[in-house]
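Enquirer: pasted the sequence and its predicted model underneath.
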Amino acid sequence: MRTGYTPAFYQGEETVALAAARVVLPGVLALVGHGPVADVGCGTGAWLSVAKEHGCSVHGFDTYQGPLLIDPDEYTGCDLTRGASCNGYALALCLEVGEHLPEASATALVAGLCEARYVLFSAAIPGQPGVHHVNCQWGTWWAERFAEHGYVGSSDYKWAYWYDQRVADFYRQNLLFFARPNDRLALGLRPGVIDVIHPERAAQH
């Protein structure tokens with residue numbers, strides 16, 4: 001389970017997540033459609049609240065217990081080390097979550113995400129500071145886990161917001177999109193997961 005989180009942490013996370021979601025999600029939804037969206041490790045539901053503003057039905061999964069930006073019936077408290085089923089969702093979000101979970105839980109986490117048609121994913125890379133970072137891995141490491149389910153990665157969203165300072169630098173550094181090959185091709189996204197350190201974060205590594 002994710003540990004070490006205080007109300008102040010969640011408040012700060014919410015502000016940063018809302019700012020990023022308002023920039024990133026409209027473009028993602030314009031491409032994949034406005035179907036149902038799941039967020040595994042949703043915190044207060046910041047990304048999902050923006051998805052709702054764009055007409056999506058939503059559901060969040062996390063260990064968080066506190067005020068939400070989504071309705072209580074749109075949230076399930078759960079042990080994220082067991083993953084969460086995203087069956088029936090068009091888009092699954094999992095943003096800066098995987099690094100907080102033990103490496104052994106990555107298999108279940110990715111398996112649940114791959115029950116959705118599309119996955120927008122980011123996780124802290126090696127050396128990235130943060131609270132309870134126990135499994136910092138490069139994007140290519142995660143791509144190998146997604147490949148086990150037939151999903152291929154694209155770094156296109158990383159480059160799309162690389163210079164956009166409305167989006168926190170760790171999102172710009174780590175954002176990846178996963179889908180099955182034919183779906184990825186139909187969306188016009190280029191294949192390939194590239195491991196990089198954003199220049200704005202270089203001094204922290």
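Expert: Thanks, I have it. Nothing here was measured: the structure is a model prediction, and the numbers come from that model.
Enquirer: what's the longest helix in the protein?
Expert: Counting residues, the longest helix found in the chain (DSSP state H) is helix 7-32.
Enquirer: mind checking how far it is from the chain centre?
Expert: Counting by Cα atoms, centre = their mean, to the nearest Å, helix 7-32 is centred 10 Å from the centre of its parent chain.
Enquirer: likewise stretch 79-93?
Expert: Distance, centroid of stretch 79-93 to centroid of chain: 11 Å (Cα atoms, centre = their mean).
Enquirer: now swap in stretch 178-196 and tell me
Expert: From the chain centre to the centre of stretch 178-196 is a distance of 16 Å (Cα atoms, centre = their mean).
Enquirer: who does Leu120 bridge with?
Expert: Residues in a beta bridge with Leu120, per DSSP bridges, are Leu93, Phe177.
Enquirer: now the element after the longest helix of the chain, going C-ward?
Expert: Toward the C-terminal end, the helix or strand that comes next after helix 7-32 (DSSP states H and E) is strand 37-40.
Enquirer: what does that following strand contact?
Expert: Under the contact criterion Cβ atoms under 8 Å, 6 or more residues apart in numbering, strand 37-40 has outside partners 45, 47-48, 51, 56-62, 80, 83-84, 86, 89-95, 97, 109, 112-113, 116. For the C-beta atoms, the positions are set from N, CA and C on the backbone; glycine is no exception.
Enquirer: now do 7 Å
Expert: 47-48, 51, 56, 58-61, 80, 84, 86, 89-94, 97, 112-113, 116 (Cβ atoms under 7 Å, 6 or more residues apart in numbering).
Enquirer: would you mind getting the angle between the helix or strand following it and helix 7-32?
Expert: Elements were assigned by DSSP H and E; along the chain past strand 37-40, the next helix or strand is helix 46-53. Relative orientation of helix 46-53 and helix 7-32, computed by axes from the mean of the first three to the mean of the last three Cα atoms, to 10 degrees: 40 degrees.
Enquirer: what sits up against the helix or strand that helix 46-53 is followed by?
Expert: Once helix 46-53 ends, the next helix or strand along the chain (criterion: DSSP H and E) is strand 58-62. Strand 58-62 is contacted by residues 37-43, 45, 48, 51-52, 70, 74-78, 80, 84 when judged by Cβ under 7 Å, 6+ apart.
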